[in-house]
Each structure stands twice: as structure tokens, then as C-alpha cells.
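> following is a predicted model, sequence given first.
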Amino acid sequence: MGLKKTSHSRLMGGVALWVLAFNGGAAAEDITADEAATPLQRIVVGTGVDKVAIDTPQAVTVLDQDAIDEQQPRTIGDVFREIPGVTPIGSNSVLGESINIRGIGEALSGDETRIIMQVDGVNKFYEQYRMGSFFSDPELYKQVEVLRGPASSTLYGSGAMGGVVTFTTKDASDFLDPGDLLGGRLKTSWDSNGNGWLGSAIIAAEPVKNLELLGALNYRQSQDLKDGHGNKIDDTDFSSINGLIKARYTFGENDDQSVFASYQNWSSDEDNQNYDQIAWGTGFGDVDRKVTDQTAILGYENAFSGNDLLDVKAQVSWSDTRVKQKNQDQICFSPTFCYYPFGYNSEYSYETYQAKIDNVATFALSDTWMAYLTTGLDGQYQERRNPRDFGSYTRSGSGSHPEGETKNAGVYAQAEFIWNDRVTLIPGMRIDYSNVHVGSYVNSSGNRVTLNEDKTKFGYSPKLAAMVKMTDWLGVFGSVAHTERLPSLDEVFSNYTVNAIKKEQSNNFEAGFTLSFDDLVRDGDAFRLKGTAFRNNITNYYASYWNGTAVVTEVIPKTRYEGLELEASYWTETVYGSLGASLIRGENVSTGGFMNAVPADNAFLKIGYVHRPWNLDFGWKGDFYAAQDRVGDDEDKTAGYVLHNLYAAWKPTEGHLAGSEVRFNIDNVFDKSYRHHLSEDEGAGRSFKLSFAKTF
């Protein structure tokens, strides 16, 4: 699935009393019920007709620009706080974040390939022991789409056992009305916890007809956060600068063709940082670290107006994620025995070249049946390098982080059959080729050892999904999906040996129902609910962990993840609310024990009010987490907790501040002390957040 800008975004703004007074209570334009959207009503682009999230036969959540801005996120992990089944993991450090979906994803394990992360259709992958896996800034994006479960493997790549997260960057068209030559946005925000602030500037232009240009620059910094006891959370300070440039030219007799290009860069340069950004282990010492993430894209689209069989999009891309480390501390086991495990200086890099092309063909099978067929090819080549300077020699990688190359290629087909907007059937199939290669390395004695080994596997990802609208208000859906994952480079070549590998295989089953009511309690209101149950059986599950001496990989013959997810929303012209909840269980079927990294049962509830004469929106959100005592051998139990949050927003449409947006949030109102079960540090204490943005 992809993303599409929705015209049904719920009007959200910000509030500050002094701003109200300054503008003399600027009036708001009238807003109808059709212009409001809850998460279940946001549009998702499938392989056929556009659908809202509630009508998809897969668990999918779309965050639009308002939903992102409303949270005033400090880091990418903050974006996922209102998505059932999705949990940011690792730490509060901007360099220590990863994602867990439905219990899959562990901060101290090399399993990032189980969740596919994409930016504008480009796969992003990074894996370094005791570091996060995705480095970016939420201010770059206008939409985030999360597809939960292996059924997403068909279009995105085999092995997506947890799911797929796709980010869509801002476009020039988001800031230009028809006929505009120039537009843009200026924004600043402040966060009391850590005294953090953001400065952002976006310029959009259409200097000639059909040529759209965009430039964006963001700077964000923060001091160390404090927890609910007022104690400093170490190494949560950072500064980062990031930017985006994009261009698109549309042409053709019916403006049905376009070429586009973009470049994105995020960087952070910090001194005296703890090497361990996940668990803050002091045994690894401190390091000066510079992190840079880059993405470049060149593409072409042709809708072939008048030809239902062709709608083509192709793009090539380059992605580079690089961590440079210097002034690494020694690790001392005694006063006379110290050494540099990572060298005096080191560099971790993932450089990836990707290409893909797909086509959507439309068929009118009868007056009541429509069919859409998506076919495509994609491929990538990735080089992973890790030179470590030991003075007299340079060592290539380590036993826990070998150098090597990965080549992937895939072909896929997915059909979507729709009958009378009542029945939707989606069969799909994907075949992937994957090759992992390691050449030579320099061992701890400075001697070169040649492995020159390859591991090649084919992965298969068939699925069948269906949705049936039983009535205008009741729908049922379900899916069966299989996917296969070739172990990552770390898992294939660990401790300088080549492991005997097996494909990791997942069989996933989902079923659920939807409820859609309009005019339920009063005229003009709307209620939506979607409930999903899933069971994911995985064989040959690769679990990597630190055993106290080295990173080892254990293959668990059989595991099972199962759970429930609930999303609900209610809206009237003035009052609205939303609810999300998830319950996940993870079992080592082979031993009967619990799996690591299964989040605690949790839910959130939001209740808000819109004062339409002023476009004033304010409300309360509660986050509820149960105690987690179903833990694996390498985990600690955690207590339950409740966080209370307040928010207010205002978007004036008249007067001097027309086109502005003011937001005021209070997170963790009662300064609660807590620890998230999948985080290794204490949670952030109370924070006052204020932002101001002006669109011109």
C-alpha cells in the first residue's frame, strides 16, 4: 500500500490565551462533518480503488500531517504512540530507537529485517549492536503508514514478519494553491523537559507551470531529559540538522507523466557519548560519534491516460547510513589489562542501491465486478563496511559485526477483486532471491583470514485476504499469509564462522470485524470500530543476544505470537474521542517459555472538544500500561502505570495570524515515574511543549 494526501483531515490547531487576546478572537470558517477524519477514516491507497483504513482487510494505520503535528514529537519514536500493536523500543536517545510490531523487534538483537522501514519507497536498514536502527526527524514527513503483520510482505519484501512502516516526505504541492508561484512554512517549538527547541523552514515554488520545487531545513536540539523523580536521563541530549530538497515536473498531453527527484540528509555530531545507546552499559566506555543518513531518489511516473492496462511508476535510489566513531575509550578488566574492542577509531556504514518498477492494470469484469492487478520488480545491492583502526593495522569488522554484501531481487503480483463495493478479495504472491556474501577479515592478531562464503536462498510470500460488508454498518475480514526470511549478515556470519542456516518462516492468520455508524446518538455524528485478532506461527526463529562474553545466535524451532488489537473513534461537530488497545502474547513453543520483547498490554483514550467559532481544539489523553510479568530469560519484569496528557491547539483563519498554527501540550501531567517495558531507561517526566507555525 502507499500513501495519499487526504482532503478529509480533522481540523486541529493550538491555543495560547495571549495569542487569542492579541488577535482579538479571530473567527474560524465553518467546517462540516465531511471535513473531519478519525484514524479509521484516513485514506489508504491500495492496489485498486482508494479506501479508508477501516475498509482494508489488513490492520493498517495512517497518520496524516495533523496527527503527526498534534503529538509535537521530539523523535521518530514519539510518532507511534497512538498506533495499537506498535511500540518504540530501545531508549530515549535519538540514536537508540527501534520499532517493535506485534512483539517482533528487539533492541539488543540483529532482527531489523523482520520489519521493513521505507522512506518514499526506499528501504532503510541499519544494524549496529547497542545502537538504534532508524535515524531521522519527524518534521520531514507529512504521513506515516503502518501495516501490521506479514501480509504486507507481498508488495514490500519477504520477511516482513512484524510489518512495514512507510514514511512520506512533504511535497511542494502541500504548500502551493493553484496559481501560486511561492509558498512555504516557518515553524518553531520548545520543550521544557530538556529545554529542547526546533527551528524549521520550508520553501515551495512553481517558477514555471508544472515544475514544483521544495526545500526544507530543520534544526533540533535538546539537553538531557529528566525522569519523574527529577533525575537526569544520561545521553538523551543531542543536536541534529536535517534537510530535504525535491523537484517534480509534470508533462504530457493530459499531464499524466512526471519525473521527480529528491535528496534527504540527517546528521548528528556528538562528543563524549556513551557507546551503548540502548542499555547505557558503562563497560563499553564513551565515544565521539557522528551519524549521517542520506537518501536520494530519481523516478518516473506515467498514468497512460485512456489505457486502463498501464499505470507505471519506476524509481532508482541510493541510501547511505554511516556512523563514524573516534576517541573510543579503553575497556579495562584489571589495572594491567585494558584494550580497545572497537579500535581507536571505527566506522559503520550501510550503502544501498535500489531500483523498482511496478504497474497497476484495471479490468472491468462486469457491471458489478472490478479487478486491479499490480505487478512489479525490485532489487537492491547493499555494502556493509566496518573498518576499525588499531594503530598498526586496520581490522575489518568483528565477530558480531562482519563486513559483507547483500543482494536481493523480488518479483510480485497482487490482484484486488471488488464486487459492488461489498466484497473485496486480495490474493498475492511474491518470490525473492537473497544472497549474503562475506569475503575476508582481519582478526584480532592483525592477520587476514579469507572466508569468501556465500549463502543464497529463495523466499516465497503468498497471501489471501478478504473483506465482506455484511450490512452498511457491519464488515468482517480475514487473511492468511506466509513469508520467509533469509537470516541477516550478522546471523549468517557470527564469531568469524559460517553458520548452518535455515529460512525463518512465518504463517500468519488474522480475522476481525468493523462497525460503522452515522447519526448514532445525534444527527451528524459518526462511530467507527475495527477489531483484529491474529496468530503468527514462526519456525526457525533467530534470536541473537549477548551471553556475557560474545554475541551468540540461537535458533528457536517454534515460536508463536498472538493477540488482539482494537481501534475506535467517535466524532460529532464539537466532541470527539478515540481509543486504541493491544494485547500481545509471545511463546517459545519449543520450551513453553515466554519470548523476549513482548510489550505490556496497553491502551490509550483521547477525549477532545472543538470550539468551532475560534477553531479551538483541546482535550485529554490517557496512556494505560499493565504490569508485564510474562518475560523471557533475558528480561526484567515491569510495573504498570498511567500517564495523563493535555493538549490544546488553535488555527486562526482571519486577522493578522491567519494561516498560523499554535499548539500547547503537557505530557505526563503528574510527573509520573515509570519505565516502559521495552525501554532500558526511565521514562521522561512532565514536559510542557509549545509550537508556533506560519504558512504563507
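Received it, and whenever you're ready, just let me know what you need. Residues are numbered from 1 along each chain as shown.
> please enumerate the helices of the stretch 451-600 of the chain.
Here the stretch 451-600 of the chain has its helices, by DSSP state H, counting those that start in this stretch, at 489-492.
> likewise the chain?
Here the chain has its helices, by DSSP state H, at 17-23, 65-70, 153-156, 489-492.
> quick one: low-confidence parts of the stretch 551-696 of the chain?
Where the stretch 551-696 of the chain drops to pLDDT under 70, the residues are 551.
> meant to ask about the stretch 51-200 of the chain, not that
If you take pLDDT under 70 as the line, the stretch 51-200 of the chain has these spans: 108-112.
> all strands for it, in order.
60-63, 86-90, 97-101, 115-119, 122-124, 141-148, 163-169, 182-191, 196-205 (DSSP state E, counting those that start in this stretch).
> TSV please, covering those strands and showing distance to residue 433.
Placement of C-beta: from N, CA and C, glycine included. Listed next are those as TSV, based on distance: least, CB to CB, whole Å:
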stretch	distance to residue 433
strand 60-63	28
strand 86-90	30
strand 97-101	25
strand 115-119	17
strand 122-124	15
strand 141-148	23
strand 163-169	20
strand 182-191	43
strand 196-205	40
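> nearest to residue 608, out of the ones you listed?
strand 60-63 (16.5 Å; CB to CB).
> coming back round to it: make TSV out of the strands of the stretch 51-200 of the chain and add mean neighbour count and distance to residue 307.
Formatted as TSV, the strands of the stretch 51-200 of the chain follow (neighbours: other CB atoms under 10 Å; distance: least, CB to CB, whole Å):
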stretch	mean neighbour count	distance to residue 307
strand 60-63	26	29
strand 86-90	25	39
strand 97-101	26	38
strand 115-119	22	28
strand 122-124	22	28
strand 141-148	23	28
strand 163-169	24	27
strand 182-191	18	34
strand 196-205	19	32
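> between these, which one is nearest to residue 364?
strand 60-63 (26.4 Å).
> for the most centrally placed residue in the chain, list each beta-bridge partner.
Geometric centre of the chain, nearest residue: residue 165, 4.2 Å, by CA atoms, centre = their mean. Listed by DSSP bridges, the beta-bridge partners for residue 165 are residue 117, residue 146.
> against residue 133, how distant is it?
Per CB to CB, to the nearest Å, residue 165 is found 11 Å from residue 133.
> OK, contacts around residue 351?
By CB atoms under 8 Å, 6 or more residues apart in numbering, the residues touching residue 351 are 318-320, 322, 382-383, 385.
> what's the answer for residue 279, then?
91, 107-108, 130, 680.
> next one: residue 205
Residue 205 sits next to 172, 176, 181-183, 212-214 when contact means CB under 8 Å, 6+ apart.
> can you check residue 183 too?
Contacts of residue 183 (CB under 8 Å, 6+ apart): 172, 175-177, 204-205, 695-696.
> kindly report the same for residue 87.
80, 99-101, 105, 599, 676, 678.
> do that again at 10 Å, thanks
77, 80-81, 98-103, 105, 582, 584, 597-600, 602, 676-679 (CB atoms under 10 Å, 6 or more residues apart in numbering).
> where does pLDDT dip in the stretch 401-550 of the chain?
Looking at the stretch 401-550 of the chain by pLDDT under 70, you get 443-444, 495-496, 500, 545-550.
> in it, which spans are strands?
Under DSSP E, counting those that start in this stretch, the stretch 401-550 of the chain gives strands at 404-419, 423-442, 448-460, 463-469, 474-485, 493-494, 497-498, 504-518, 526-546.
> distance between the ends of stretch 127-140?
22 Å (CA to CA, to the nearest Å).
> report the distance from that stretch to the chain centre.
With CA atoms, centre = their mean, to the nearest Å as the basis, stretch 127-140 stands 10 Å off its chain's centre.
> same question for stretch 637-649.
Stretch 637-649 sits 21 Å away from the centroid of its parent chain (CA atoms, centre = their mean).
> repeat that for stretch 235-254.
That offset, for stretch 235-254, works out to 17 Å (CA atoms, centre = their mean).
> and what of stretch 202-209?
Taking mean C-alpha positions (CA atoms, centre = their mean), stretch 202-209 and its chain are 29 Å apart.
> pLDDT averaged over that stretch - what is it?
Per-residue pLDDT over stretch 202-209 has a mean of 97.
> what do you get for stretch 314-333?
90.
> may I see the buried residues of that stretch?
314-315, 317, 319-325, 328-329, 331 (16 or more other CB atoms under 10 Å).
> stretch 377-392 now?
378, 380, 382, 384, 386-390.
> restricted to strands, list those.
Among the buried residues of stretch 377-392, the members found in strands (DSSP state E) are 378, 380, 382, 384, 387-389.
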